[in-house]
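Engineer: structure for this input, please:
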Amino acid sequence: MRSIGGSTRAAVLIYGLSSAAFYCALLPLWEGFDELYHYGYVQYVSTNWKFPVAGQATLSRELWTSLDDAPISHYIQSQVYRPSTNFQQYFSLPAAERVQRRRALDAIPRAFQREPSPRDNYEAKHAPLTYLLLAPLDRVLSGASLTTRILTLRLVLSLAAITLLWTGARRLAHRLRLPAEMESAALFVIFSCQMVYAVACHIGNDALLLPWLVFFLTAVIDSCESPTLLRMAVAAAIMAVGLLIKASALFFLPVLFAAPLLLLRRDGVLAARLGAVGVAILAVLAGPWYARNLILYGTLTATNDSTSGVGARQLLNAARKLPWGQSLAGMAHDALWTGNNSFTTFSRFTLNVILFLLALAGALYVVRFRRSAAELIVVSAIALYTAGLVLITLAFFANSNGAVTAAEPWYIPPLLAPAVLLCFLGLTRWRRSGRWIALAGVLLWGYVAGATWIAKLVPLYGGFPEVAAHAHQLWSWYLNQTALRDSILSNLSPAPLAFLYVLFFAVLAALLTALVLVLAPLLRARSFALDKTP
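Structural biologist: Prediction:
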């Protein structure tokens, strides 16, 4: 039985890795959230060997020039402040012109990588770790074409993020005492969420925040269950890594000190020593970067919302005016599916059913919540980050004079893995009803994953003329528009066309295999092993 469970989890990992590889290969240049500017940060570090400073660092002339030939979403055309072509315009171009544009894109002089452009890089304030890790590889690849560099960096970053997320989620599932069949089901759901790949498969710091959180929570749980200076030091070091990935990790900072707080009454001396170790490691590892923020920008986090004059009064005023129903619904849907910088949508009905099942599983978990250290820490972390998302939403709403009513969709996915694990933990405590809900959820997520590739992303970037279509229209498009689709994808996507086809069928095969293996033990089981524990 253990070997079967291991094979299932391995199949889910292969499914996640193949999905990430295809996503990277299919996604056009600059279609990932703010990827143009995130890569600009990487390139600035790799060419200058120093950190960018907001207001001084610009995109390179190479990246600025790329906008002449790389089409972009119409949603961001007005934000690049340069004449550009959107996807719909690109699809209507003659095939020969698409070929010429791709050749021009790949032939941008390599010397342009070191030359500045008129466009400031508004991502220059971000914490540096992700960019530091990618910069040496970018330097090695400096002689390659821009599309080759972007594809290679995407693959390295996303495959590492997916592997780490799988490893970390498994470790957290073990700490939560999740049965093997439910652990596999939870992993399948996590790796069937399109937003996991939208975040992980473009160049940006959010990719590493996905796996970071599950490793951090596991380390804190270990420090609480067996408090030692070494375990506290490990948790603090992982916290520092998170702070050097993205400033939003600050929302989780109170969780780090859970062990000292729990020990405060029983052993005040040990609690003080644990707290001191945590503070010291944070100060040494992350302190210099945040001191730099204070010196350069006058704020600790240096995020755009905290440096634009949004204070307590503006936040309170925003809280009164914000349309909370619209905001919460929008963030809930965006946490599951958002079509990259094109911001296309999935079936609202389907997403609502998924949200209902998740909410039902969450409610069942709450009813049978157990006050273990592991569960308290995961719930606390989710609550703290949710509060942080509320603050971010209010800041965006105030900053935009009411135009933005929700946090950006890439802020939410770090919560997916711990939240899904808790939901499936709740289902294990409700015997047969929990099993049927788990089965329904896995089947629905499998459908969404398949439809994401077949009915959404490939048509979106392959020139399908409609945002939404009936099955017979898609079938006709796949059968009758092969030449046009191949012409578009071979020039729009960064990977060779043959590689795209191989990955497309590999992803569908991996999805079907993982789905069957995950469903099998759920169909056989009458109840869960955890039900028998007191």
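Engineer: can you list the buried residues in stretch 78-90?
Structural biologist: Going by neighbour count (16 or more other CB atoms under 10 Å), the buried part of stretch 78-90 is Ser84, Thr85, Phe87, Tyr90. C-beta coordinates here come from the backbone N, C-alpha and C atoms, glycine included.
Engineer: before we move on, what SS does the spatially most central residue of the chain have?
Structural biologist: For the chain, the residue nearest the mean C-alpha position is Val199 (3.1 Å; CA atoms, centre = their mean). Following DSSP: H, G, I helix; E, B strand; the rest coil, the label given to Val199 is helix.
Engineer: same thing with the one 4 residues further on?
Structural biologist: Three-state assignment for Ile203 (three-state DSSP): coil.
Engineer: pLDDT weak spots in the stretch 201-350 of the chain?
Structural biologist: For the stretch 201-350 of the chain, the stretches with pLDDT under 70 are 304-310.
Engineer: if we can go back for a sec, from the buried residues of stretch 78-90, which has minimum pLDDT?
Structural biologist: In terms of pLDDT, the lowest of those is Ser84, showing 92.
Engineer: that older thread, which of the buried residues of stretch 78-90 fall in strands?
Structural biologist: Among those, no member falls in strands (DSSP state E).
Engineer: out of those residues, flag the one nearest to Val255.
Structural biologist: Nearest to Val255 among the buried residues of stretch 78-90 is Phe87, at 41.7 Å by CB to CB.
Engineer: you'd agree that closest one is up against Ser342?
Structural biologist: Yes - Phe87 lies in contact with Ser342 (CB atoms under 8 Å); the separation is 7.1 Å.
Engineer: name the residues contacting each of these two.
Structural biologist: By CB atoms under 8 Å, 6 or more residues apart in numbering, Phe87 and Ser342 have these common neighbours: Ser73, His74.
Engineer: where's the residue nearest to the centre of the chain relative to Leu208, distance?
Structural biologist: Note on Val199: its distance to Leu208, by CB to CB, to the nearest Å, is 10 Å.
Engineer: next one: Arg175
Structural biologist: According to CB to CB, Arg175 stands 21 Å off from Leu208.
Engineer: tell me the pLDDT at Glu408?
Structural biologist: 89.
Engineer: ok, it - how many residues close by?
Structural biologist: 17 (other CB atoms under 10 Å).
Engineer: mind listing what it touches?
Structural biologist: Residues near Glu408 by CB under 8 Å, 6+ apart: Phe33, Phe396.
Engineer: do that again at 10 Å, thanks
Structural biologist: Phe33, Asp34, Asp206, Met331, Asp334, Thr338, Leu389, Ile392, Thr393, Phe396 (CB atoms under 10 Å, 6 or more residues apart in numbering).
Engineer: which residue sits closest to the fifth one, ignoring its sequence neighbours?
Structural biologist: Nearest residue to Asp334 in three dimensions, chain neighbours excluded: Pro409, at 3.6 Å (CB to CB, 6 or more residues apart in numbering).
Engineer: what does Asn317 give?
Structural biologist: Spatial nearest neighbour of Asn317, excluding adjacent residues (CB to CB, 6+ apart): Ala398 at 7.0 Å.
Engineer: list the buried residues in the helix or strand where that neighbour lies.
Structural biologist: According to DSSP states H and E, Ala398 maps onto helix 373-399. Within helix 373-399, the residues scored as buried using 16+ other CB under 10 Å are 373-382, 384-385, 388-399.
Engineer: check stretch 152-161 too.
Structural biologist: Thr152, Leu153, Arg154, Leu155, Leu157, Ser158, Leu159, Ala160, Ala161.
Engineer: shouldn't the last one be in contact with Val199?
Structural biologist: Yes - when contacts are counted by CB atoms under 10 Å, Ala161 is listed as touching Val199 (8.4 Å).
Engineer: overlap of the contact sets of the two?
Structural biologist: Overlap of the contact sets of Ala161 and Val199 (by CB under 10 Å, 6+ apart) consists of Asp206, Ala207, Leu208, Leu209, Leu210.
Engineer: list the buried residues for stretch 471-480?
Structural biologist: Within stretch 471-480, the residues that count as buried by 16+ other CB under 10 Å are Leu474, Trp477.
Engineer: follow-up on the earlier one: tell me the confidence at the residue nearest to Asn317?
Structural biologist: Looking at Ala398, its pLDDT is 86.
Engineer: can you map out the helices along the stretch 401-534 of the chain?
Structural biologist: In order along the chain, the stretch 401-534 of the chain carries the following helices (DSSP state H, counting those that start in this stretch): 416-428, 431-451, 458-462, 471-480, 482-492, 497-524.
Engineer: please enumerate the strands of the protein.
Structural biologist: 58-60, 116-120.
Engineer: okay, how far is it across stretch 85-94, tip to tip?
Structural biologist: End-to-end span of stretch 85-94 (CA to CA, to the nearest Å): 14 Å.
Engineer: residues making contact with that stretch?
Structural biologist: Stretch 85-94 has contacts (CB under 10 Å, 6+ apart) with 28, 31, 67-77, 84, 97-101, 341-342, 460-465, 484, 487-488, 491-492.
Engineer: dump the buried residues of stretch 152-161 into CSV; add distance to Lys125 and pLDDT as well.
Structural biologist: Output for these, formatted as CSV (distance: CB to CB, whole Å; pLDDT from 0 to 100):
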residue, distance to Lys125, pLDDT
Thr152, 26, 98
Leu153, 21, 98
Arg154, 23, 98
Leu155, 27, 98
Leu157, 20, 98
Ser158, 24, 98
Leu159, 27, 98
Ala160, 24, 98
Ala161, 22, 98
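Engineer: so which of the residues you listed comes closest to Leu217?
Structural biologist: Closest to Leu217, out of all of the buried residues of stretch 152-161 and judged by CB to CB, is Ala161, at 16.6 Å.
Engineer: and the gap between the closest one and Val518?
Structural biologist: In terms of CB to CB, Ala161 sits 22 Å off from Val518.
Engineer: and Leu264, by the same measure?
Structural biologist: Separation of Leu264 from Val518 (CB to CB): 43 Å.
Engineer: who's more crowded, these two?
Structural biologist: When Leu264 and Val518 are compared for neighbours, Val518 comes out ahead with 28 against 15, by other CB under 10 Å.
Engineer: the more buried one: what's it in contact with?
Structural biologist: For Val518, counting by CB under 10 Å, 6+ apart, the contacting residues are 8-9, 11-12, 15, 181-182, 184-189, 438-439, 442-443, 445-446.
Engineer: and the residues you listed, which of them are buried?
Structural biologist: Among the contacts of Val518, the ones that count as buried by 16+ other CB under 10 Å are 8-9, 11-12, 15, 181-182, 184-189, 438-439, 442, 445-446.
Engineer: taking those one by one, which sit in helices?
Structural biologist: Counting by DSSP state H, the part of the buried ones among the contacts of Val518 found in helices is 8-9, 11-12, 15, 181-182, 184-189, 438-439, 442, 445-446.
Engineer: let me see the mean pLDDT of stretch 362-374.
Structural biologist: Mean pLDDT, computed over stretch 362-374, is 93.
Engineer: ok, Cys423 touching Ala359?
Structural biologist: Yes - in terms of CB under 10 Å, Cys423 counts as a neighbour of Ala359; the distance is 8.9 Å.
Engineer: tell me the domain boundaries of the protein?
Structural biologist: 2-24+156-532, 25-155 (automatic domain parsing).
Engineer: what about Arg266, distance to Pro260?
Structural biologist: Distance of Arg266 to Pro260, given as CB to CB: 11 Å.
Engineer: who's more crowded, those two?
Structural biologist: Pro260 (23 against 9).
Engineer: list the contacts of that one.
Structural biologist: So Pro260 contacts 223-224, 227, 232, 267-268, 270-278 (CB under 10 Å, 6+ apart).
Engineer: which helix of this structure spans the most residues?
Structural biologist: If you go by DSSP H, the chain has its longest helix at helix 146-175.
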